[in-house]
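Trainee: I'd like to go over a predicted model; first the sequence, then the structure.
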Amino acid sequence: MVERGAHARSDGERLSRTFAALADPTRRAILARLRAGGATISELAAPFELSFAGVSKHVLVLERAGLLARRVVGREHRLSLVAAPLQDATAWTLDYGGFWEARLEALDALLRARTARPRRPARARRKRKPRRG
């Protein structure tokens, strides 16, 4: 039983790292760039107004989340996208599909009930007499 709890905590931590990594637009842009194929940190840094060190920090967060793989060839570090954590995050969000489906069906029923009722004509407002002071 302890192992199961540790495994669940490990999965939860991994999912938290994935969502934390995806929370930053620069990191999402780096992942989008890597969908086209591997790149060096210098190549990834080129479109950003960040220092090499700044992009390296983003890369490190993505690596810790398991979203990047690094291959070192001589002095060159080639990075590539690892999609498995994204699949886990997608599966987690899809688990809420039933919740949202039920909510949308309830909203649909409410709207249908409101439009099915005959509308009452608006009452004319009575004009108030001006006060005499």
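Mentor: Thanks, I have it. Residues are numbered from 1 along each chain as shown.

Trainee: identify each buried residue in the helix or strand Leu31 falls within, please.
Mentor: Assigned by DSSP states H and E, Leu31 belongs to helix 25-34. By neighbour count with 16 or more other CB atoms under 10 Å, helix 25-34 contains the buried residues 26-27, 30-31, 33-34. Every C-beta, even on glycine, is put in place using the N, C-alpha and C of the backbone.

Trainee: report all helices and strands that it contacts.
Mentor: helix 2-22, helix 41-45, helix 52-64, strand 76-81 (3 or more CB pairs under 8 Å, 6 or more residues apart in numbering; DSSP states H and E).

Trainee: tell me which of those sits most buried.
Mentor: helix 41-45 (a mean of 17; mean count of other CB atoms under 10 Å).

Trainee: can you list contacts of it?
Mentor: 30, 33-34, 51-52, 54-56, 59, 77, 79 (CB atoms under 8 Å, 6 or more residues apart in numbering).

Trainee: what mean pLDDT does that helix get?
Mentor: Mean pLDDT, computed over helix 41-45, is 91.

Trainee: quick one: distance of that helix to the chain centre.
Mentor: Computed by CA atoms, centre = their mean, to the nearest Å, the chain-centroid distance of helix 41-45 equals 24 Å.

Trainee: from Leu34, how far out is Arg75?
Mentor: Note on Arg75: its distance to Leu34, by CB to CB, to the nearest Å, is 20 Å.

Trainee: one more: Thr18?
Mentor: Thr18 is 15 Å from Leu34, by CB to CB.

Trainee: then Glu49?
Mentor: Distance from Glu49 to Leu34, by CB to CB: 19 Å.

Trainee: I figured Leu67 was touching Leu79, is that so?
Mentor: No - using CB atoms under 8 Å, Leu67 is not in contact with Leu79, being 9.9 Å away.
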